[in-house]
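**Q** I'll drop the sequence and a predicted model, then ask my questions.
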Amino acid sequence: MIDLHRSFRAAACGLALVLSFATVARAQLQPALPGTPQFAQHIAGLDINVFTLDGQKHSGVFTINGESLVSADQTKVIAFDQIRRVEKNSYRMRLHSLIGLGVGAGIGFASMAGCEDFTGQAGQRGTSCGTAFVLTTAVAGTGAALGSAVGGILNHHYEPSDLIFERPGGSRRTIAFMPMLSPIKKGIAFTLRWR
């Protein structure tokens with residue numbers, strides 16, 4: 001028999017270890033100032049996120065025009081002095097969610113292949129198709145959630161390489177997960193820090 005409490009604890013500790021290794025010091029990309037040729041090379045043809053000082057987020061492909069960024073469709077013009085942060089748009093969470101959804105749905109549909117709506121031999125009832133459909137939906141949703149979690153971990157891990165520019169003195173958030181494995185306490189310590 002499977003001890004769910006022990007396996008959940010092991011999975012939580014494993015996740016904490018993965019997340020803590022993802023927070024190990026990484027090499028920072030040398031930020032390029034807006035308006036410089038280096039900055040133009042970094043954003044050329046890329047789908048980027050531009051965060052402004054007023055807290056708005058603008059996504060898309062941008063080009064440099066004088067002292068501002070202009071979106072490819074010419075609808076957004078953002079002055080360089082209003083830019084707080086520029087980063088690559090990686091779509092990792094969306095991509096990994098779709099991968100997880102596809103794998104989960106495939107596993108779920110494979111489990112539906114043996115469903116029965118009628119009783120089997122000797123009066124034993126097989127898995128009904130309704131139950132198999134609910135199982136398929138649950139497995140697909142779990143796959144999407146796990147894929148999203150993997151995408152989030154990868155976003156956190158690759159954040160320094162996705163950063164193109166960040167204005168000095170801006171606020172930063174740091175999230176850390178650490179396993180607690182003392183004789184008295186077992187679990188995950190979670191810290192969130194704003195700078």
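**A** Okay, I see it.
**Q** quick one, helices of this protein?
**A** Using DSSP state H, the helices assigned to the chain run over residues 4-22, 37-43, 92-112, 129-157, 159-162.
**Q** Buried residues, the third one. List them.
**A** Of the residues in helix 92-112, those scored as buried under the neighbour-count criterion (16 or more other CB atoms under 10 Å) are 92-93, 96-101, 103-105, 108, 111. Where you see a C-beta, it was placed from the backbone N, CA and C, and this is true even at glycine.
**Q** Equivalent analysis for the fourth one, please.
**A** Judged by neighbour count (16+ other CB under 10 Å), helix 129-157 contains these buried residues: 132, 135-136, 139-140, 143-144, 146-155, 157.
**Q** which secondary structure elements does it contact?
**A** Applying 3 or more CB pairs under 8 Å, 6 or more residues apart in numbering; DSSP states H and E, one finds that helix 129-157 makes contact with helix 4-22, helix 92-112.
**Q** per-stretch mean pLDDT over those helices, give me the minimum one.
**A** Among the helices and strands packed on helix 129-157, helix 4-22 has the lowest mean pLDDT, at a mean of 58.
**Q** Point out where this protein drops to low pLDDT.
**A** In the predicted model of the chain, residues 1-32, 35, 114-128, 169-173, 193-195 satisfy pLDDT under 70.
**Q** how does it divide into domains?
**A** Per automatic domain parsing, the structural domains of the chain span 11-90+160-195, 91-157.
**Q** show me the residues around the closest residue to Lys88 other than its chain neighbours that make contact.
**A** Nearest non-adjacent residue to Lys88, counting by CB to CB, 6 or more residues apart in numbering: Asp162, 4.4 Å away. For Asp162, the contact set (CB atoms under 8 Å, 6 or more residues apart in numbering) comprises 87-88, 90, 155.
**Q** ok so, going back, and the buried residues of helix 92-112 as TSV, adding distance to Pro168?
**A** Output for these, formatted as TSV (distance: CB to CB, whole Å):
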residue	distance to Pro168
Arg92	27
Met93	28
His96	32
Ser97	34
Leu98	37
Ile99	37
Gly100	38
Leu101	40
Val103	42
Gly104	43
Ala105	46
Gly108	49
Ser111	54
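**Q** re earlier: among the contacts of Asp162, which lie within strands?
**A** Of the positions in the contacts of Asp162, 87-88 sit in strands, assigned by DSSP state E.
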